[in-house]
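Asks: Would you be able to build a 3D model of this:
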Amino acid sequence: MEDLYSISEVAAAFGLTVPTLRFYEERGLVRHSVRRGRVRYYSREDLARLAYVQLWHDDGMLTLAETGAVADSEKAVDRLALIAGQRDAMLLRIEKLNRAVAVLDHMLGCRTDRALDCPMTGGYIRDRVDAALTGVPYEGDFLPADGPGPDRPGPKRTSTGCPEPGLPGPG
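Replies: This next block holds a predicted model:
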């Protein structure tokens, strides 16, 4: 006879709440093998499906709908297409997050008392306002392509491109 595990045992073992496990069932992500009274019981095969779902949802960061589509795909080509789409979207998010970190790093390192006095921030803001007022789409970038560096003329700059505290910026 096959070992069966109650919904509360399964939820605890997999780090879920009972309502979450029920929700997964409602979404068709997992199934229980047996119901005795009001209690659902899961077989080892059911648990394997749950672990597979958690792989895609928790580790692969797929939505529940994407998780269901991948878990239910019967052909590798279908599954791989879904996974490739998620991977591409994730790489784009990583690129955006890396850019956001660079912007925040600049802001953390900027020592001007007023952000608009910063050559980078102030210049960017002025350029954006000018573009908005002329109706021309802004195509610049807050982060310069070549970035600030020690070999570029002008006042000595911090690693963020701002003048060092106490030194004048460009007039």
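
Asks: Okay, now the unreliable bits of the protein?
Replies: Applying pLDDT under 70 to the chain flags residues 1, 146-171.

Asks: ok, now how distant is the nearest residue to Val103 once chain neighbours are set aside from Cys118?
Replies: Once flanking residues are discounted, Val103 sits nearest to Phe142: 5.9 Å by Cβ to Cβ, 6 or more residues apart in numbering. Backbone N, C-alpha and C define where each C-beta goes, glycine included. Phe142 sits 11 Å away from Cys118, going by Cβ to Cβ, to the nearest Å.

Asks: before we move on, what about His106?
Replies: 8 Å.

Asks: And for Leu92?
Replies: Distance from Leu92 to Cys118, by Cβ to Cβ: 28 Å.

Asks: Looking at those two now, which is surrounded by more residues?
Replies: The residue with more neighbours, out of Leu92 and Cys118, is Cys118; 22 against 10, by other Cβ atoms under 10 Å.

Asks: Please enumerate the helices of the chain.
Replies: Secondary structure of the chain by DSSP state H: the helices cover 7-13, 18-26, 44-54, 64-72, 76-109, 119-134.

Asks: Ser33 is nearest to which of those helices?
Replies: For the helices of the chain, proximity to Ser33 was assessed by Cβ to Cβ; helix 44-54 is nearest, at 5.6 Å.
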